[in-house]
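>>> quick check, what structure comes out for this input:
(2 chains)
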Number of protein chains: 2
Amino acid sequence: MDTAAHRIDKLVIVGVGLIGGSFALAQKAAGATGTIIGVGRGRINLEEAANLGIIDRFIPLSGEWTGELATTDMVLVAAPVAQYPALFRAMAPHLGPHTIVTDAGSTKQDVIAAARAALDDALPRFVPAHPIAGTEQSGAAAAFSTLYVDRNVVLTPLPETDPLAVATVAAAWRACGAHIRTLDAAAHDHVFAAVSHLPHLLAFALVDELAARPDAEELFRFAASGFRDFTRIAASSAEMWRDISLANRDALLAEIVAYRAQLDRLAAMLTAGDGAGLEAVFAAARTARRSWDSRRNAAGGRVPDDGPRDP
Amino acid sequence: MDTAAHRIDKLVIVGVGLIGGSFALAQKAAGATGTIIGVGRGRINLEEAANLGIIDRFIPLSGEWTGELATTDMVLVAAPVAQYPALFRAMAPHLGPHTIVTDAGSTKQDVIAAARAALDDALPRFVPAHPIAGTEQSGAAAAFSTLYVDRNVVLTPLPETDPLAVATVAAAWRACGAHIRTLDAAAHDHVFAAVSHLPHLLAFALVDELAARPDAEELFRFAASGFRDFTRIAASSAEMWRDISLANRDALLAEIVAYRAQLDRLAAMLTAGDGAGLEAVFAAARTARRSWDSRRNAAGGRVPDDGPRDP
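Coordinates of the predicted model:
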């Protein structure tokens, strides 16, 4: 299906941070695109992106960036998701007849709703996407060309999405080294509420709670590698995670309720001195975590591509 | 103070797992001890430890291991903490007049209570210790000689502990590359409930809760590096963490209560659509986490030694 994909001669990336910047670097490394134009809120970040060779030129979001769109093959929106409705509204009247729009947002139902509300005739050329990659860093300076190698990109196309647009976006991500999977948008948001959004919220919650204590300095002084790994994601962008939390609010609240019930269960076991109960929970978690790790390692640290689906 | 320390010609390690085994390997690498005898529950693990050159010989826990103690310079107890009372009772009548007893337990008040109840005249030669190092692996095969390099070991000596015994234990850990810090046992248990025991319980709780769902396989299929790091500690020994949780029950329950209140606060913000409130919590966590990381990196990934105390 890749053979049918459009070539991307002109790419506009709205939001040249870790995600958008790494996509640009990977495209350049693969020789897969022509000109890359960066669009964003912060001039300093855009200048840094240009100086680092991530983008060929840039236009601030406050400038005439939509004037580029008529001749653009693909627009990648990689900004915090709360900005999508305004971005889609701004770009809709200016998109060329073949311009493909895609995104890198961590939530999909809200992004699709924003696209439906704004993109009109261009909606079939909108391909909702979520690269399952990132670090706790942000900004163009954090970008690197191999971020997506052997990572998964989940596409959540709509019933009306043009298959050729999907193929083009899939080919662009494959050129970055990524593997493509497809999910329904609601299923996507449910899955990532559990395995990504909740863990982020839990990590932020812990670090904020400890940092607010009078003896925070003493506590952090003795924190070691377990704490380091558990809280790595609490160094992530606050704005990005505010937007994700609100965008996926219902699914995330359901996850918090389930998690609280589990925590209450463990606290009750602890209060009762129920060592067998605690050990059973810990052992089940240990087995599941080790099994996940083994399968992950067997798959080269990733979940297999949708093409050859794993058995 | 190290110059006054005893030389360790004969070392007995009770529990030759990741912690005890790595201590043995580090001692051997440093040429700091003579004979190392392993004692433990599982013959297969002991045989593996001997085959790997971790220990010179072994005696199963069901065998006549206490017969070695009269001529032993140091006994390191590195078993799950629930076993300490029985171990201390078994060894007490057989300890030589100069045998130093130390441990590697993650909780200290319960270990000290067990020592007080059993060690009698040997109590001044008991040095409670907690190496702040480990991985999610367990067993002798997981041991490696550099586990303690630039890691901290917290000593929580009693008022009656012999300073020469403290110096000997400190010297043994320094020979492993570790740095020594000293804390009151209650302060130790409070600090580690917050920065270690709670995160472990939270990670176990999440993985068990997800693993028990009908769609667990689909969830784990999409879990990525954030989930990997957040849940790494959920692959730790269930028995060890059952014991730690129960041994430090009151402090851990207090941490769960505080954490639940924080989680309720975040859920209320989410329900109310309070983006500013969420962002403030996430930003405070992000700042604290980044600041901790910077200080940690500046200190070479560790907290400085008690000797030259950090300012």
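>>> tell me the secondary structure for the residue positioned nearest the centre of chain A?
Nearest residue to the geometric centre of chain A (Cα atoms, centre = their mean): residue A:106, 4.0 Å. At residue A:106 the chain is in coil, as set by DSSP: H, G, I helix; E, B strand; the rest coil.
>>> next one, pLDDT for the closest residue to residue A:187 other than its chain neighbours please.
In space, residue A:187 comes closest to residue B:218 once its chain neighbours are excluded; the distance is 7.9 Å by Cβ to Cβ, 6 or more residues apart in numbering or on different chains. No exception for glycine: its C-beta is placed from N, CA and C like everyone else's. Model confidence at residue B:218, expressed as pLDDT, equals 94.
>>> what does the one 4 residues further on give?
Predicted confidence (pLDDT) at residue B:222: the value is 94.
>>> cool, residue A:135 as well?
Confidence score, pLDDT, at residue A:135: 83.
>>> likewise residue A:310?
27.
>>> before we move on, back to that, so which strand or helix has the residue nearest to residue A:187?
Using DSSP states H and E, residue B:218 falls within helix B:216-222.
>>> show me which residues of that helix are buried.
B:216, B:219, B:220, B:221, B:222 (16 or more other Cβ atoms under 10 Å in any protein chain shown).
>>> so what does the helix or strand following it touch, helix or strand wise?
Next along the chain after helix B:216-222, taking DSSP H and E as the criterion, comes helix B:225-230. The contact analysis (3 or more Cβ pairs under 8 Å, 6 or more residues apart in numbering or on different chains; DSSP states H and E) places helix B:225-230 against helix A:198-211, helix A:225-231.
>>> mean neighbour count, those helices: which tops it?
Here the criterion is mean neighbour count by mean count of other Cβ atoms under 10 Å in any protein chain shown, and of these the winner is helix A:198-211, at a mean of 25.
>>> just the strands in the stretch 151-300 of chain A please.
A:152-155, A:179-182 (DSSP state E, counting those that start in this stretch).
>>> I figured residue A:34 hits residue A:10, correct?
Yes: Residue A:34 lies in contact with residue A:10 (Cβ atoms under 8 Å); the separation is 5.8 Å.
>>> more crowded one of the two?
residue A:10 (19 against 13; other Cβ atoms under 10 Å in any protein chain shown).
>>> domain parsing for chain A?
With domains defined by automatic domain parsing, chain A comprises A:8-183, A:188-298.
>>> and the first one with chain B, contact?
Yes: Domain A:8-183 comes into contact with chain B when judged by Cβ under 8 Å from any Cβ of the partner chain, the residues involved being A:82, A:132, A:133, A:134, A:135, A:151, A:152, A:154, A:181.
>>> of those residues, which is the nearest to chain B?
residue A:132 (4.6 Å; Cβ to the nearest Cβ).
>>> contacting residues around the closest one?
A:151, A:152, A:153, A:154, B:222, B:224 (Cβ atoms under 8 Å, 6 or more residues apart in numbering or on different chains).
>>> could I get those residues as TSV with distance to residue A:97?
Formatted as TSV, the contacts of residue A:132 follow (distance: Cβ to Cβ, whole Å):
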residue	distance to residue A:97
A:151	32
A:152	31
A:153	26
A:154	28
B:222	35
B:224	36
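>>> I figured residue A:145 hits residue A:21, correct?
No: the criterion here is Cβ under 8 Å, and residue A:145 misses it with residue A:21 at 9.5 Å.
>>> what about those two, which has more around it?
A count of neighbours by other Cβ under 10 Å puts residue A:21 above the other of residue A:145 and residue A:21, at 31 against 19.
>>> need the three-state assignment for residue A:59.
Going by three-state DSSP: residue A:59 is strand.
>>> return the distance of the residue nearest to it when sequence neighbours are not counted relative to residue B:241.
Counting by Cβ to Cβ, 6+ apart, residue A:59 lies nearest to residue A:65, which is 4.1 Å off, once chain neighbours are set aside. Plainly put, residue A:65 is 53 Å away from residue B:241 if you go by Cβ to Cβ, to the nearest Å.
>>> burial of residue A:35, as a residue count?
Residue A:35: 16 neighbours (other Cβ under 10 Å).
>>> nearest to residue A:233, of the buried residues of helix B:216-222?
residue B:222 (15.7 Å; Cβ to Cβ).
>>> can you pull the contacts of the closest residue in space to that closest one that isn't next to it in sequence?
Leaving out its chain neighbours, the residue that sits closest to residue B:222 by Cβ to Cβ, 6+ apart is residue A:191, at 5.0 Å. Shown in contact with residue A:191 (Cβ under 8 Å, 6+ apart): A:183, B:218, B:219, B:222.
>>> okay, buried residues for stretch A:133-150 please.
Here stretch A:133-150 shows A:133-136, A:138-145, A:147-148 as buried, counting by 16+ other Cβ under 10 Å.
>>> next one: stretch A:67-86
A:68-69, A:72-85.
>>> what separation do you get for residue A:109 and residue A:184?
From residue A:109 to residue A:184 the distance is 10 Å (Cβ to Cβ).
>>> of those two, who's got more company?
Relative neighbour count places residue A:109 above the other of residue A:109 and residue A:184, with 19 against 12, counting by other Cβ under 10 Å.
>>> element containing residue A:147?
Counting by DSSP H and E, residue A:147 is part of no helix or strand.
>>> list the contacts for the closest residue in space to it that isn't next to it in sequence?
What sits nearest to residue A:147 in space, not counting adjacent residues and going by Cβ to Cβ, 6+ apart, is residue A:22, at 3.8 Å. Counting by Cβ under 8 Å, 6+ apart, residue A:22 makes contact with A:133, A:143, A:144, A:145, A:147, A:148, A:176.
>>> now do the helices in chain A.
A:18-30, A:43-51, A:84-91, A:109-118, A:163-175, A:185-192, A:198-211, A:216-222, A:225-231, A:238-247, A:249-271, A:275-298 (DSSP state H).
>>> burial of residue A:53, as a residue count?
Neighbours of residue A:53 (other Cβ under 10 Å): 11.
>>> ok, it to residue A:79 distance?
With Cβ to Cβ as the criterion, residue A:53 and residue A:79 are 21 Å apart.
>>> residues touching the nearest residue to residue A:158 once chain neighbours are set aside, list them.
The shortest distance from residue A:158 to any non-neighbouring residue, by Cβ to Cβ, 6+ apart, is to residue A:112 (6.5 Å). Applying Cβ under 8 Å, 6+ apart to residue A:112 gives the contacts A:128, A:156, A:158, A:185.
>>> any weak-confidence spans in the stretch 201-311 of chain A?
A:300-311 (pLDDT under 70).
>>> and if we set it to 50?
Applying pLDDT under 50 to the stretch 201-311 of chain A flags the ranges A:303-311.
>>> which one of residue A:65 and residue B:241 has more residues nearby?
Under the neighbour definition other Cβ under 10 Å, residue A:65 and residue B:241 were set side by side, and residue B:241 has more, 26 against 21.
>>> isn't that one right up against residue A:285?
No: in this structure residue B:241 lies outside contact range of residue A:285 using Cβ under 8 Å: 9.6 Å.
>>> and for those two, which residues touch both?
residue B:204.
>>> closest to residue A:116 out of the residues of domain A:8-183 next to chain B?
Distances from residue A:116 to those, taken by Cβ to Cβ, are shortest for residue A:82, at 16.8 Å.
>>> so residue A:154 sits right up against residue B:222, yeah?
Yes: at 7.2 Å, residue A:154 counts as touching residue B:222 under the criterion of Cβ under 8 Å.
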